[in-house]
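Peer 1: Next comes the sequence, and after it the predicted model I'd like to discuss.
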Amino acid sequence: MAKKILIVDEDTNIRASLTYYLNKFEYAVDTASNGNEALELLKKHSGEVYEFILLDLRMPGLTGLQVLAKMRDMDIKTDVIMMSAYGTIENAVESMKLGAIDFLIKPATLESLKSIIDNVIKRKALIAAEIKTFQEYLEFGKKCILEKNYDSAKEYLKKAISENLEAPEPQNLLGVLYEYENDRLTAEKHYRTALELDPTYKPALENLDRITSFRYSKDSIRFGDEI
């Protein structure tokens, strides 16, 4: 049976392109152009019919965060991936507090979105005792971040690094965790390590540029393409 997804975005072209693309991979897609439409669909289907929801952060009327909060108040536990062109750490953290499972920075390619969706589905099924590969350690580390279990997140990201010494993503995520704890020195070290491994890795490039700026701010912190 096809997995069902709800896409909530005010942009008609985004809804159409995402629907067309995901249909090719046998995902069944419903769409809503604003928060109120989304809540009506969720009430109609009792929420749990959807595997997860792609929810835009900034929309006219109810914002994505307000929709997410109302969902939780209604005891709708459907998993939510927030989408935003405004990737501040405050938005990401607030989304996590409300139970979002991921935070996608727009614009993203359709291929990267598909990878994120597949990884989220796999991540939900991960069991710590059965993890063996680099990708599993990485995904479980992300799962721990989203569950606010930051010590475990560090542990599994470090295990991911031990499995693949050349991957920049776990280094960048460790930098984010240390920066969130206000340990800027250690965070900078991890961002620099990520860039030594891949000088073109954009999340680490942007994080290092921001953390070493004269006017330092946590705004626009980059978790990476999938979180």
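Peer 2: Structure received.

Peer 1: where does the protein have low pLDDT?
Peer 2: Flagging of the chain using pLDDT under 70 yields the residue ranges 1, 46-48, 86-99, 101, 214-227.

Peer 1: Give me the domain ranges for it.
Peer 2: Taking automatic domain parsing as the domain assignment, the ranges for the chain are 4-124, 128-211.

Peer 1: Pull up the distance across the last one, start to finish.
Peer 2: Distance between the boundary residues of domain 128-211 (CA to CA, to the nearest Å) amounts to 32 Å.

Peer 1: wait, residue 126 sits on residue 143?
Peer 2: Yes. In this structure residue 126 lies within contact range of residue 143 using CB atoms under 8 Å: 6.4 Å. Heads up, the C-betas are built off the backbone N, CA and C, glycines and all.

Peer 1: quick one: residue 60 is in a helix?
Peer 2: No. Assessed by DSSP: H, G, I helix; E, B strand; the rest coil, residue 60 does not belong to a helix; its assignment is coil.

Peer 1: Make 167 the first number, not 1, from now on.
Peer 2: Okay, residue one is now 167; in that scheme the one you just asked about reads as residue 226.

Peer 1: got a list of what it touches?
Peer 2: Counting by CB atoms under 8 Å, 6 or more residues apart in numbering, residue 226 touches 176, 200.

Peer 1: Grab the nearest non-local neighbour of residue 236.
Peer 2: Take residue 236 and drop its neighbours on the chain: the residue closest to it by CB to CB, 6 or more residues apart in numbering is residue 205, 6.1 Å away.

Peer 1: Hmm, residue 304 and residue 297 touching each other?
Peer 2: No. Proximity of residue 297 to residue 304 does not meet the contact threshold set by CB under 8 Å, at 9.8 Å.

Peer 1: Now do the shared contacts for the two.
Peer 2: Taking CB under 8 Å, 6+ apart as the contact definition, residue 297 and residue 304 share the neighbouring residues residue 322.
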